[in-house]
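**Student:** give me a model of this one.
(one chain, ligands or ions: 1)
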Amino acid sequence: MEATIVSDTAKHYPVLLKEIISVISPQHGGTFIDCTFGQGGYTKEILKYKDTKVIGLDRDKNSQKIAEKFYNEFPDRFLFKNLKFSKLNNLKLTNENIKGILFDLGYSFTQMKDPKKGLSFNFTGKLNMQLGLNDFTAHEVINNLDEKDLNKIFRYFGDEKEAKAISKSIARERKSKKIDTSNLVKIIEKSKRKKNFRIHSATKVFQALRIFVNNEISELIYGLINSAKILKKDGILAVVSFHSLEDKIVKYFFKNLSSSKSFSRYEPLLKQKKFSFEMPIKKPIIPTEIELQDNAPSRSAKLRYLVKKENIYEIETDIIDQFHELLEIENLSLKL
Ligand SMILES: C[S@@+](CC[C@H](N)C(=O)[O-])C[C@H]1O[C@@H](n2cnc3c(N)ncnc32)[C@H](O)[C@@H]1O
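**Tutor:** Here you go, the predicted model:
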């Protein structure tokens with residue numbers, strides 16, 4: 001494996017920070033759940049307002065070290081849990097005035113630069129891609145799952161048009177030796193007939209593997225459902241997504257809870273129906289030109305938010321049915 005170099009100058013930019021703060025208004029106080037604590041960029045900004053409390057969650061236990069600094073500075077207003085956000089309902093929060101729940105999806109620059117995590121196709125070594133609290137690695141997926149299952153993962157989670165050819169080559173190559181990060185990159189480069197000069201040939205397959213290894217589809221769906229349940233009246237659910245699959249899920253869920261679209265064509269449109277949630281803006285908030293200049297990777301970020309209008313703790317949504325095909329692909333991991 002290449003030397004572990006995580007540059008000291010590698011800078012972490014909390015994406016759409018100003019916009020997040022303006023959406024959740026921490027100046028009015030309350031408890032906020034930062035579901036993707038990471039380096040604590042959002043948490044730090046919220047805790048600047050004195051009547052706030054933050055519960056930070058992250059599946060990566062490296063975030064614990066950063067959380068310790070926050071404990072020292074804000075012993076009564078901060079709590080960290082090394083927990084996956086789909087398990088939000090495990091926190092005992094019934095008495096908390098939850099005013100905002102935030103998600104900044106995906107992985108951080110620091111994680112991407114960590115060769116042990118194996119998230120980047122620029123490092124050599126064993127395929128991993130675990131963000132934390134996982135059950136299996138990308139190495140097990142690539143070296144053990146059937147060719148047709150790999151094809152589905154690459155196609156649906158990476159939108160990789162040449163998924164079939166890539167899966168076929170993987171199945172052939174792994175007969176003679178185990179596949180690691182650099183072999184995988186070479187296999188992808190050799191299998192692809194169409195070259196795209198804007199993105200690296202391996203980008204889509206690596207994205208698909210990361211989504212699969214970290215169960216990112218069910219994490220997001222259950223994270224959203226549990227958030228909508230525990231939020232208090234006038235509380236905000238804000239999500240920053242980075243790829244179209246995530247944004248599709250978030251957008252569907254928010255519309256599903258807030259608009260009067262009939263779920264079934266046999267169900268009459270209930271014009272008078274009152275919804276417990278409101279989506280104040282239909283279009284996502286995106287980074288400004290200034291942010292893009294400072295932090296190019298923020299270019300695909302989209303912020304959407306939802307406001308809860310009454311204190312209800314059960315919600316009605318068909319999101320699981322809507323995305324069942326993707327959830328079934330995640331279940332292919334049961335074969336490992
Ligand atoms: C883009 S970073 C967040 C950066 C953070 N907003 C900041 O300013 O420092 C995403 C973080 O979410 C964490 N994460 C991803 N999926 C998660 C999940 N299902 N549950 C908990 N944490 C998750 C990752 O480990 C990573 O630290």
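**Student:** low-scoring stretches of the stretch 151-300 of the chain, by residue?
**Tutor:** 260-273 (pLDDT under 70).
**Student:** quick check: the residue of it nearest the ligand.
**Tutor:** Nearest to the ligand, among the residues of the stretch 151-300 of the chain, is Glu219, at 3.7 Å (Cβ to the nearest ligand atom). Any C-beta I mention is one placed from the backbone N, CA and C, and that applies to glycine too.
**Student:** what about that residue, neighbour count?
**Tutor:** 21 (other Cβ atoms under 10 Å).
**Student:** so it is in which element?
**Tutor:** Taking DSSP states H and E as the criterion, Glu219 maps to helix 216-230.
**Student:** ok, Asp321 next?
**Tutor:** helix 319-322.
**Student:** just how off-centre is that helix within its chain?
**Tutor:** Chain-centre distance of helix 319-322: 18 Å, with Cα atoms, centre = their mean, to the nearest Å.
**Student:** buried stuff in it?
**Tutor:** Applying a neighbour-count criterion of 16 or more other Cβ atoms under 10 Å, the buried positions in helix 319-322 are 319, 322.
**Student:** what about Ala201, is that helix, strand or coil?
**Tutor:** That one is not Ala; residue 201 is Ser. coil (DSSP: H, G, I helix; E, B strand; the rest coil).
**Student:** hmm, who's touching the helix holding Asp321?
**Tutor:** 221, 224-225, 249, 252-253, 256, 327 (Cβ atoms under 8 Å, 6 or more residues apart in numbering).
**Student:** alpha carbons of it, as CSV, please.
**Tutor:** Below are the C-alpha coordinates for helix 319-322, written out as CSV (Å, rounded to 0.1, in the frame of the first residue of the first chain):
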residue,chain,number,x,y,z
ILE,A,319,-40.9,5.8,-0.1
ILE,A,320,-40.0,2.2,0.7
ASP,A,321,-42.3,0.9,-2.1
GLN,A,322,-41.1,3.6,-4.5
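**Student:** with adjacent residues omitted, what lies nearest to the residue of the stretch 1-150 of the chain found nearest the ligand?
**Tutor:** Using Cβ to the nearest ligand atom, Gly41 is the residue of the stretch 1-150 of the chain that sits closest to the ligand, at 2.3 Å. Using Cβ to Cβ, 6 or more residues apart in numbering and skipping residues adjacent in sequence, the residue nearest Gly41 is Pro14, 2.7 Å away.
**Student:** ok, now which ones touch the one you found?
**Tutor:** Neighbouring residues of Pro14 by Cβ under 8 Å, 6+ apart: 20, 39, 41-42, 45, 104.
**Student:** how close does the spatially closest residue to the residue of the stretch 151-300 of the chain closest to the ligand that is not a sequence neighbour sit to Thr288?
**Tutor:** Nearest non-adjacent residue to Glu219, counting by Cβ to Cβ, 6+ apart: Ser86, 4.8 Å away. Ser86 sits 32 Å away from Thr288, going by Cβ to Cβ, to the nearest Å.
**Student:** from Tyr71, how far out is the most centrally placed residue in the chain?
**Tutor:** Nearest residue to the geometric centre of the chain (Cα atoms, centre = their mean): Leu105, 3.0 Å. According to Cβ to Cβ, Leu105 stands 25 Å off from Tyr71.
**Student:** near the ligand, which residues of this protein show up?
**Tutor:** Taking Cβ under 6 Å from any ligand atom as the measure of proximity, the chain contacts the ligand at 12, 14, 36, 38-42, 57-60, 63, 84-85, 104, 106-108, 131-132, 219.
**Student:** got a list of what the closest residue to Ile179 other than its chain neighbours touches?
**Tutor:** Distances taken as Cβ to Cβ, 6+ apart place Ile142 nearest to Ile179, at 5.1 Å, with adjacent residues excluded. With contact taken as Cβ under 8 Å, 6+ apart, Ile142 is in contact with 127, 150, 170, 174, 179, 184, 209.
**Student:** can you read off the pLDDT for Ile142?
**Tutor:** pLDDT for Ile142: 98.
**Student:** can you give me the buried ones in the helix or strand containing it?
**Tutor:** Secondary structure assigned from DSSP H and E places Ile142 in helix 138-144. Buried positions in helix 138-144, judged by neighbour count with 16+ other Cβ under 10 Å: 138-139, 141-143.
**Student:** helix, strand or coil: sort out Leu79 for me.
**Tutor:** State at Leu79, reduced to three classes by three-state DSSP: strand.
**Student:** please name the nearest non-neighbouring residue to it.
**Tutor:** Excluding its sequence neighbours, the residue lying closest to Leu79 (Cβ to Cβ, 6+ apart) is Ile55, at 4.9 Å.
**Student:** just the contacts of Pro14: which are in helices?
**Tutor:** Among those, the ones falling in helices (DSSP state H) are 20, 41-42, 45.
**Student:** could you work out the most separated pair of those?
**Tutor:** Using Cβ to Cβ, the two most remote members of these are Ile20 and Gly41, lying 9.4 Å apart.
**Student:** between those two, tell me which one has more neighbours.
**Tutor:** Taking neighbours as other Cβ under 10 Å, Ile20 and Gly41 compare with Ile20 leading, 25 against 19.
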